[in-house]
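**Q** can you look at this prediction? I've put the sequence above it.
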Amino acid sequence: MSDFNPTLNEDQITIQKWVHDFAEDVMRPNAEEWDEKEEFPWPVVQEAAEIGLYGWEFLANAMFNDPTGLTMPVAIEEMFWGDAGLGMAIMGSGLAAAGIAASGSQDQVMEWVPQCYGDTKDVQLGAFAASEPDAGSDVGGYRTSAKYDEATDEWILNGTKAWITNGGIADIHVVVAVVAPELKTKGHASFVVPPGTKGLSMGQKYKKHGIRASHTAEVVLDDVRVPGRCLLGGKEKLDERLARVRRGEKGNSQAAMQTFEATRPTVGAQAIGVARAAYEYSLDYAKEREAFGRKIIMNQSIAFMLADMATEIEATRLLIWRAAWLGKHKGFVNAEGSMAKLKAGRVATHVTERAIQILGGFGYTREYPVERWHRDAKIHDIFEGTEQIQQLVISRAISGLRIE
Ligand SMILES: Cc1cc2nc3c(=O)[nH]c(=O)nc-3n(C[C@H](O)[C@H](O)[C@H](O)COP(=O)(O)OP(=O)(O)OC[C@H]3O[C@@H](n4cnc5c(N)ncnc54)[C@H](O)[C@@H]3O)c2cc1C
């Protein structure tokens, strides 16, 4: 295993600039409109597809063909610097792709992941549906069931999923369901629900505080029948795993957790993209705005706020890059992925709030983007494991105890 090296190689610098240009030229000018509309930004995702930023090939190159682990966080930081709502619209299908890659066979990955994206002539979406109205953090509380019908070799899914990114508008839904309720979190399995499957519908679409260009909705599964081959990993492996768990042997960690663990450093990168946008904007503003006959940055209270913001962002980026590198080398020791995500969410929420403070009254209005960035930042304390769930994971890792 090579040493951790936080220096980007030439390819990574090229990708960073490429994504930054798209963020600056396409995302920034569109951000306010789609935040106000609160609709899925099809034209922006189409443009992203046309340059190859939205598509499974980009994901494969940036994620799976990168031995350092840094390419994806670097690209995502730039994208979310452009706009988090639009960024989530572009990245949302990646959750489904990660869910398929986490539990699926190679054949299943090859069949379903491209369908999460489509192509430039027919852009498609993926959704990863794990959370439920009564079970977000508490993954042991999932109630969506999957029952096997041996006569037809089909699985029948029933239940309601909540807060699902691209839920109900996606072509491919990856659904985490309970196959063996008595085994709690170890009795879950993931299923692909192919496009046009009867019984899957969108429930309520949520009106959100931030990332409003990203579509978030309930997914209702009413006697949804999917062929046996839609069980990710296949029936034989599932039966073996359940038998191992029943014998009290170590089972694979349950499906939803595998997906979240793989994506945590990239969620951290989203957060610092938003933080950096707000920091850069408020730095420029502080150098321009005058009060009491001088630029406001000439007051230590403002300059020191900016110094702290810059320091927090730099430190957090290192944490994220190191976690991404450790993830690539299967080297997590103390839940470093969770540490990076925890820190990044907090930093983004704090830095964007400080940016509003620096802009004063203007910062509180929709005329300036910092209030939007503050609304967008907060989601990073909540999804893919709340602040408290990250603390739980970290405290268990560092103590070796089952902290509750
Ligand atoms: C915009 C958005 C997009 C999302 N996208 C997806 C998606 O695509 N797919 C998907 O499956 N899910 C998605 N989610 C769901 C998200 O992952 C959950 O909202 C999140 O896991 C929290 O679950 P919850 O909302 O049920 O909160 P709860 O679990 O009810 O938590 C409420 C509060 O209690 C705290 N808490 C809960 N348990 C503990 C504990 N044991 N110890 C300490 N504190 C605790 C939490 O930290 C939180 O502060 C999305 C959510 C949002 C808002």
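**A** Thanks, I have it.
**Q** for Ala217, give me its contacts.
**A** Applying Cβ atoms under 8 Å, 6 or more residues apart in numbering to Ala217 gives the contacts Ile164, Gly167, Gly168, Ile169, Met202, Gly203, Gln204, Lys205, Tyr206. For glycine as for every other residue, the C-beta is placed from the backbone atoms N, C-alpha and C.
**Q** name whatever forms a beta bridge with it.
**A** Ile164, Lys205 (DSSP bridges).
**Q** hang on, the earlier thing: which among the contacts of Ala217 gets closest to Thr349?
**A** Using Cβ to Cβ, Tyr206 is the member of the contacts of Ala217 that lies nearest Thr349, at 19.7 Å.
**Q** just the buried subset of the contacts of Ala217, written out for PyMOL, thanks.
**A** Remark: buried members of the contacts of Ala217, expressed as a PyMOL selection using 16 or more other Cβ atoms under 10 Å:
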select buried, resi 164+167+168+169+203+205+206
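**Q** mind checking how far the residue of the chain at minimum distance from the ligand is from Lys330?
**A** Closest approach between the chain and the ligand, counting by Cβ to the nearest ligand atom: Gly136, at 1.9 Å. Gly136 sits 28 Å away from Lys330, taking Cβ to Cβ, to the nearest Å as the criterion.
**Q** neighbour count for these two, which is higher?
**A** Gly136 (17 against 7; other Cβ atoms under 10 Å).
**Q** correct me, but the more buried one touches Ala162?
**A** Yes. Using Cβ atoms under 8 Å, Gly136 is in contact with Ala162, at 7.3 Å.
**Q** give me the common contacts of the two.
**A** With contacts taken as Cβ under 8 Å, 6+ apart, Gly136 and Ala162 have no neighbour in common.
**Q** verify the stated contact: Tyr368 with Gly361.
**A** No. Using Cβ under 8 Å as the test, Tyr368 is too far from Gly361 to be in contact (9.8 Å).
**Q** neighbour-wise, which of these two wins?
**A** With neighbours defined as other Cβ under 10 Å, Tyr368 and Gly361 compare such that Tyr368 has more, 18 against 8.
**Q** list the contacts for that one?
**A** Residues in contact with Tyr368 (Cβ under 8 Å, 6+ apart) are Tyr281, Leu359, Phe362.
**Q** Gly52 too?
**A** Going by Cβ under 8 Å, 6+ apart, the list of residues near Gly52 reads Phe58.
**Q** same thing but 10 Å
**A** Trp18, Phe58, Asn61, Thr120 (Cβ atoms under 10 Å, 6 or more residues apart in numbering).
**Q** next SSE after the one helix or strand in the chain whose mean pLDDT sits lowest?
**A** One helix or strand of the chain scores below all others by mean pLDDT, DSSP states H and E: helix 255-288, with a mean of 87. Using DSSP states H and E, the next helix or strand after helix 255-288 towards the C-terminus is strand 290-291.
**Q** and that next one, which strands flank it?
**A** Paired with strand 290-291 in the same sheet, following DSSP bridges, are strand 294-295 (antiparallel).
**Q** now what about the partner strand, what contacts it?
**A** Outside strand 294-295, the residues that touch it by Cβ under 10 Å, 6+ apart are Tyr285, Ala286, Lys287, Glu288, Arg289, Ile302, Ala303.
**Q** for the nearest residue to the fifth one once chain neighbours are set aside, grab phi and psi.
**A** Right, Arg289. Distances taken as Cβ to Cβ, 6 or more residues apart in numbering put Ile296 closest to Arg289, at 4.9 Å, once the chain neighbours are dropped. Backbone torsions for Ile296, taken as degrees, to the nearest 10, come to phi -60, psi -20.
**Q** for Lys235, same thing?
**A** Torsion angles at Lys235 (phi, psi; degrees, to the nearest 10) stand at phi -70, psi -40.
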